[in-house]
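K.L.:
turn this into a structure:
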Amino acid sequence: MIAANPPGQKIFSIIRIGLTWEDARTYCRTHHTDLAMIENAQENIAMNMRSLYGYWIGLYRLPWRWSDNSSSSFTNWGSGQPDGKQNCVAETSDHKWDDVRCDSELSFFCHGALKLKKTMIRMKIETDADFSDPAIYAQILQQLGAVLTNKSSLTDFNLGLNIQSRKQTKRNEENDEENGKDVLCN
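P.N.:
Residues are numbered from 1 along each chain as shown. You can find the predicted model right below:
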């Protein structure tokens with residue numbers, strides 16, 4: 001779930017799986033930007049949650065720093081916190097911060113948009129069709145999109161074609177063979 005923020009503000013995503021602080025940081029760095037860094041009261045309130053338990057944020061003790069190693073100028077500690085017994089920080093349902101054992105498994109907040117994965121598929125299509133014709137180009141993209149939608153779990157993707165002439169394709173295949181690369185064939 002992504003919390004909507006006005007343009008120019010961070011995007012916070014709630015990840016509702018229980019992980020340790022370090023595993024949550026790794027997850028956020030892989031799929032977003034990092035564990036949530038809360039730098040002001042507005043960002044703290046923007047993190048909308050519905051849980052009696054805390055959610056990891058990116059603050060940890062060495063001294064209190066964000067997971068990207070920047071210092072924390074904004075704090076929002078709960079009453080009696082930090083008590084100095086734990087090294088990682090969770091935000092509670094009332095938007096207060098609590099130091100918690102880092103090996104506890106909690107849901108967490110990431111900041112940053114989802115990282116997009118780009119995959120290139122190499123295909124060889126032999127046809128007499130004129131790919132420079134916009135109608136044919138659009139029809140091929142539509143048909144490829146239909147196949148991907150029907151035969152996979154992909155639902156949100158963009159397609160494009162990088163068309164090479166037969167001469168260019170032949171040269172690329174010869175270079176691949178010389179360099180020991182696999183050549184895709186039908």
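
K.L.:
tell me how the protein divides into domains.
P.N.:
The record's domain parsing of the chain by automatic domain parsing lists 2-111, 134-175.

K.L.:
reformat those as TSV; add distance to Glu126, mean pLDDT and mean neighbour count.
P.N.:
The way it works is simple: take the backbone N, C-alpha and C, and place the C-beta from them, glycine included. What follows is those, written out as TSV (distance: least, CB to CB, whole Å; pLDDT from 0 to 100; neighbours: other CB atoms under 10 Å):
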stretch	distance to Glu126	mean pLDDT	mean neighbour count
domain 2-111	39	86	17
domain 134-175	9	71	11
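
K.L.:
turn those into JSON lines, including distance to Thr127.
P.N.:
JSON lines is the format used below for those (distance: least, CB to CB, whole Å):
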{"stretch": "domain 2-111", "distance to Thr127": "39"}
{"stretch": "domain 134-175", "distance to Thr127": "9"}
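
K.L.:
and of the ones you listed, who's closest to Arg122?
P.N.:
With CB to CB, the closest approach to Arg122 among those belongs to domain 134-175: 9.4 Å.

K.L.:
which helix or strand contains the residue in the chain sticking out farthest from the centre?
P.N.:
Ranked by distance from the centre of the chain (CA atoms, centre = their mean), the top residue is Asp128, with 40.7 Å. Counting by DSSP states H and E, there is no helix or strand that carries Asp128.

K.L.:
export stretch 137-153 to PDB, keeping only CA atoms.
P.N.:
Only the C-alpha atoms of stretch 137-153 are listed here, as PDB (Å, rounded to 0.1, in the frame of the first residue of the first chain):
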ATOM      1  CA  TYR A 137       4.100  -1.800 -35.700                       C
ATOM      2  CA  ALA A 138       1.100  -1.000 -33.500                       C
ATOM      3  CA  GLN A 139      -0.600  -4.300 -34.400                       C
ATOM      4  CA  ILE A 140       2.600  -6.300 -33.500                       C
ATOM      5  CA  LEU A 141       2.900  -4.500 -30.100                       C
ATOM      6  CA  GLN A 142      -0.800  -5.200 -29.400                       C
ATOM      7  CA  GLN A 143      -0.400  -8.900 -30.200                       C
ATOM      8  CA  LEU A 144       2.700  -9.300 -28.100                       C
ATOM      9  CA  GLY A 145       1.000  -7.500 -25.300                       C
ATOM     10  CA  ALA A 146      -2.000  -9.800 -25.500                       C
ATOM     11  CA  VAL A 147       0.300 -12.900 -25.300                       C
ATOM     12  CA  LEU A 148       2.200 -11.500 -22.300                       C
ATOM     13  CA  THR A 149      -1.000 -10.700 -20.500                       C
ATOM     14  CA  ASN A 150      -2.600 -14.100 -21.200                       C
ATOM     15  CA  LYS A 151       0.500 -16.300 -20.600                       C
ATOM     16  CA  SER A 152       2.000 -14.500 -17.600                       C
ATOM     17  CA  SER A 153       1.200 -12.700 -14.400                       C
END
